[in-house]
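Asker: prediction below, plus the sequence it came from.
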Amino acid sequence: MFLNWLQHDTSGLLTLCAAGIAVLLVMIIRFRIEPFIALLVTGLLIALAAGLPVEDIVGTAQKSSDSLLEGGFASILGHITAIIGLGTILGSMLEASGGAQLLTRKLLAAFGENRAPLAMGLSGLIFGIPVFFDIGIFVLAPLVYVVARQGKRSILLYCLPLVAGLSMTHAFLPPHPGPVVAAGLLGVDLGWIILMGLACGLPAFAVAGLLYPVWIGKRIHLPVPADMLATADELAAKREGRDDPSLGIVALIIGLPMVLILGATFGSITLPDGSGLLSVLTFLGNPTVALTIAVLLSFWLLGTRRGMTGRDLSELTSGALRPLGMLLLVVGAGGFFGKVLAETGVGDALAGSLQGVGLPMIVSAYVISSGLRIAQGSATVAIVTTGGIVAPLVGSAGLSQAQLALIAVAIAAGSIIASHVNDGGFWIISRYFGIPVSDMLKTWTVLETLLSLVAFAMAAGLSLILT
């Protein structure tokens, strides 16, 4: 009787979903189990509790390619693996060549000392497109130290705009894992993710990354620690005598993939089917192709032309890709988790419940993602779990690509809200900029919450216009 209620009744299915998420959070938070293992185990437990045949879950001894387990991993990893890998290599080439430092120095020179916070914010925004969040901090932090020393003001005025720019691009723009995963789970073209990510993310950056740091920086004065200044001076001494790449080359390599992807998106809207130009734009604008072109250009323009050997490029590439293993495993397990939820009928039950409550889909996506983020700290886990829950809801809703992209933005916005002590990024920023935990909660946690809320407000507003 209980099993029949759990497997077929709407309230039973919702209870199963809630219990599964609770088990997932307990495994990650209480027992410190890797999210990859936690997602995999939880997905298997939900599938078994829902009464799905074992053959559907794991296949047979002779064939397992059609199973939920293999199909769930393949459905998302087939879409994102090449994109994330190529994006990581591209960012490493820019970091190793000194392109990030060059860009920041040029911006500081153009804006002047009085507008140095704006220059640091734009550095994070631009350099954050091809580079992971923590790498961006590692590369640009020494420049923050120097500028804060010269300005003789709180380091918060300079580091908060930088990390806000890095956070915005990391949350809302490809080739970063969050937006790419959300796009894959919801079936959205990455060109639409770029458009809606910029439309929602830039206003959020203006509020959280420019206005808020100026306000809080006048109220909390934190000097640059002496050991950080020593590190900055040491790195500057090492770079003396090294030629920087030209600003045009750096801009080309950063901007080319986005231009190609957007070209394919606009071409699909404006050009007739069967057009030769549309075929060219579609090929070049495929995210994998676009990033491959940019990576090959970076190998030539930032590598071999500047004295790097084939061995140097190989070592740099392998070093850049090495940390991606756990990230891809988490995403794959999240794809399996989502497939299980769809197969059990939990998605349809949740859709019916949300319609009964009258909560818009975009609001539901944001609330679920926010709750998962606050509870367990990982933006990736929040996105893959929320995407798995929401995907069945949007699959039959007849939404346009633009509307789906806005739901993906809402999920991404929820995944960065209220960064606190269970988030690795919280400790990276605290360490690199010498900010005490109490001040981190007053500054970084508030900044991330503002970034999240403003981006979601923009997505919700645009969804009303595009209805």
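Answerer: Received the coordinates, thanks. Just so it is clear, the model here is predicted, and its values are computed rather than measured.

Asker: number of nearby residues for the residue lying closest to Phe283 once chain neighbours are set aside?
Answerer: Distances taken as CB to CB, 6 or more residues apart in numbering place Val289 nearest to Phe283, at 6.1 Å, with adjacent residues excluded. (Each C-beta comes from the backbone N, C-alpha and C, glycine too.) Val289 sits with 18 neighbouring residues when counted by other CB atoms under 10 Å.

Asker: state the mean pLDDT of the helix or strand harbouring Glu95.
Answerer: Glu95 is located in helix 68-97, with elements delineated by DSSP states H and E. The average pLDDT for helix 68-97 rounds to 86.

Asker: quick check, distance from it to the centre of its chain.
Answerer: Mean C-alpha position of helix 68-97 versus that of the full chain (CA atoms, centre = their mean, to the nearest Å) differs by 12 Å.

Asker: and it, what does it pack against?
Answerer: With contacts taken as 3 or more CB pairs under 8 Å, 6 or more residues apart in numbering; DSSP states H and E, helix 68-97 sits against helix 35-49, helix 54-58, helix 133-151, helix 177-186, helix 247-270, helix 287-298, helix 310-321, helix 324-344.

Asker: hmm, 6 Å instead?
Answerer: Counting contacts by 3 or more CB pairs under 6 Å, 6 or more residues apart in numbering; DSSP states H and E, helix 68-97 is packed against helix 177-186, helix 287-298, helix 310-321, helix 324-344.

Asker: what's the first helix or strand after that helix?
Answerer: Toward the C-terminus from helix 68-97 - assigned by DSSP H and E - lies helix 99-111.

Asker: what lies in contact with that next one?
Answerer: The contact list for helix 99-111, computed with CB atoms under 6 Å, 6 or more residues apart in numbering, reads 116, 118-119, 122-123, 127, 139-140, 143, 244-245, 247, 250.

Asker: check stretch 257-276 too.
Answerer: By CB under 6 Å, 6+ apart, the residues outside stretch 257-276 that reach it are 189-191, 278, 281-282, 284-285, 287, 290-291, 294.

Asker: now do stretch 181-195
Answerer: Here stretch 181-195 has contacts from 76, 79-80, 174, 179, 261-262, 265, 287, 331, 383-384, 387, 391, 394, 401-402, 404-405, 408, 411-412, using CB under 6 Å, 6+ apart.

Asker: about what we covered before: closest one of the contacts of helix 99-111 to Ala226?
Answerer: Leu143 (17.2 Å; CB to CB).

Asker: just give the closest residue to that closest one, not the sequence neighbours.
Answerer: In space, Leu143 is closest to Thr104, 5.1 Å off (CB to CB, 6+ apart).

Asker: the one you found: neighbour count?
Answerer: 24.

Asker: repeat that for Val131.
Answerer: 29.

Asker: and the one 4 residues further on, by the same measure?
Answerer: Applying other CB under 10 Å, we find 21 residues neighbouring Ile135.

Asker: what does the one 4 residues further on give?
Answerer: Number of residues near Val139 (other CB under 10 Å) recorded here: 22.

Asker: against Pro53, how distant is it?
Answerer: Distance, Val139 to Pro53, by CB to CB, to the nearest Å: 51 Å.

Asker: go on, Ala342?
Answerer: On the measure of CB to CB, Ala342 and Pro53 end up 16 Å apart.

Asker: what about the two, which has more around it?
Answerer: Ala342 (19 against 8).

Asker: just to revisit the earlier point, which stretch among the helices and strands packed on helix 68-97 comes nearest Leu3?
Answerer: Closest to Leu3 of the helices and strands packed on helix 68-97 is helix 324-344 (CB to CB; 12.9 Å).

Asker: list the helices and strands that closest one packs on?
Answerer: By 3+ CB pairs under 6 Å, 6+ apart, helix 324-344 packs against helix 35-49, helix 68-97, helix 379-395.

Asker: closest one to Ala365 among those?
Answerer: Of the helices and strands packed on helix 324-344, nearest to Ala365 by CB to CB is helix 379-395, at 4.9 Å.

Asker: go through the helices and strands packed on helix 324-344 and pick out the most buried.
Answerer: Most buried of the helices and strands packed on helix 324-344, by mean neighbour count (mean count of other CB atoms under 10 Å): helix 379-395, with a mean of 26.

Asker: pull the distance from that one to the chain's centre.
Answerer: Taking CA atoms, centre = their mean, one finds helix 379-395 lying 14 Å from the centre of the chain it belongs to.

Asker: report the next helix or strand after that helix in sequence order.
Answerer: Going down the chain from helix 379-395, the next helix or strand is helix 401-414, by DSSP H and E.

Asker: CA atoms of that next one as CSV?
Answerer: Only the C-alpha atoms of helix 401-414 are listed here, as CSV (Å, rounded to 0.1, in the frame of the first residue of the first chain):
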residue,chain,number,x,y,z
GLN,A,401,14.6,29.4,-26.8
ALA,A,402,14.7,32.8,-25.2
GLN,A,403,12.3,31.8,-22.4
LEU,A,404,14.3,28.6,-21.7
ALA,A,405,17.5,30.7,-21.6
LEU,A,406,15.9,32.9,-19.0
ILE,A,407,15.0,29.9,-16.9
ALA,A,408,18.6,28.8,-17.2
VAL,A,409,19.7,32.3,-16.0
ALA,A,410,17.4,32.0,-13.0
ILE,A,411,18.9,28.7,-12.1
ALA,A,412,22.4,30.1,-12.4
ALA,A,413,21.4,33.2,-10.4
GLY,A,414,20.1,31.0,-7.6
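
Asker: any low-confidence regions in the stretch 251-400 of the chain?
Answerer: Within the stretch 251-400 of the chain, the stretches with pLDDT under 70 are 347-348, 350-358, 396.

Asker: verify the stated contact: Gly59 with Leu69.
Answerer: No - judged on CB atoms under 6 Å, Gly59 makes no contact with Leu69 at a distance of 7.3 Å.

Asker: ok, back up a step: orientation of the helix holding Glu95 relative to helix 310-321 in degrees?
Answerer: In terms of direction (axes from the mean of the first three to the mean of the last three CA atoms, to 10 degrees), helix 68-97 departs from helix 310-321 by 130 degrees.

Asker: neighbours around Ser275, how many?
Answerer: By the criterion of other CB under 10 Å, Ser275 has 13 neighbours.

Asker: how far away is it from Phe132?
Answerer: Distance of Ser275 to Phe132, given as CB to CB: 37 Å.

Asker: next: Ala460.
Answerer: Here the criterion is CB to CB. By it, Ala460 lies 28 Å from Phe132.

Asker: check which residues of whichever strand or helix holds Ser463 are buried.
Answerer: Per DSSP H and E: Ser463 is located in helix 444-465. By 16 or more other CB atoms under 10 Å, the buried positions in helix 444-465 come out as 444-460, 462-463.

Asker: same for it, what does it pack against?
Answerer: With contacts taken as 3+ CB pairs under 6 Å, 6+ apart, helix 444-465 sits against helix 190-205, helix 361-376, helix 401-414.

Asker: having no further points to raise, I will conclude here.
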